[in-house]
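*Asks:* Pasting a predicted model and its sequence here:
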Amino acid sequence: MSGELILVIEDNEKNMKLVRDLLQYQGYGILETDTAEKGLLLAGEHLPALILMDIGLPGISGFEALKRLRASSATAGIPVIAVTASVMTQDHEKIAAAGFDGYQRKPIDIDEFLEAVRSTLERSGGERSTE
């Protein structure tokens, strides 16, 4: 159980509840919002260890939000996993090319999802200091 802070940006209430419940059960701290704009503010204020972000958000997309995160020196190093219902190969290629640190399909496979969170946090752990 780590206690690391994870920001979840998801506009679907049921998906948000599932992710929140899974992460809290594993001992992670959670920040949550339903828009990328609010997510960018929360990321800058709290510098979470990881961001889980839906791609198809109201307002600016997950792709645009990632560009803005990477453009800021404060948030550029935060790993971001795309969470998407898209299963098309070209969409996965677009996600990788955009610079996401990984992606998870919806509906979420619980074991795969938790492993992706754990391994991404482990990979980034040595690169960032925590508050």
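*Replies:* Looks like it came in fine.

*Asks:* Check whether the residue nearest to the spatial centre of the chain sits in a helix, strand or coil.
*Replies:* For the chain, residue 52 is the residue whose C-alpha lies nearest the centre (Cα atoms, centre = their mean; 1.4 Å). What DSSP: H, G, I helix; E, B strand; the rest coil gives for residue 52 is strand.

*Asks:* try the one 4 residues further on
*Replies:* Following three-state DSSP, the label given to residue 56 is coil.

*Asks:* Mind listing residues that contact the lowest-mean-pLDDT helix or strand in the chain?
*Replies:* Within the chain, no helix or strand scores below helix 89-98, which has a mean of 88 by mean pLDDT, DSSP states H and E. Applying Cβ atoms under 8 Å, 6 or more residues apart in numbering, the contact partners of helix 89-98 are 55, 63, 66-67, 82, 84, 86, 103. C-betas here are computed from N, CA, C, even on glycine.

*Asks:* Same check on stretch 16-34?
*Replies:* 1-11, 39, 42, 46, 48, 52, 57-58, 83, 108, 110, 113-114, 117.

*Asks:* Heading C-terminal from the least confident helix or strand of the chain, find the next helix or strand.
*Replies:* Per DSSP states H and E, helix 89-98 leads on to strand 102-105 as the next helix or strand towards the C-terminus.

*Asks:* Which helix in this structure has the most residues?
*Replies:* Scanning the chain for the helix with the most residues, using DSSP state H, yields helix 110-125.

*Asks:* and it with strand 50-54, angle?
*Replies:* 130 degrees (axes from the mean of the first three to the mean of the last three Cα atoms, to 10 degrees).

*Asks:* Buried residues in helix 110-125, which are they?
*Replies:* In terms of neighbour count (16 or more other Cβ atoms under 10 Å), helix 110-125 has its buried residues at 113-114, 116-117, 120-121, 124.
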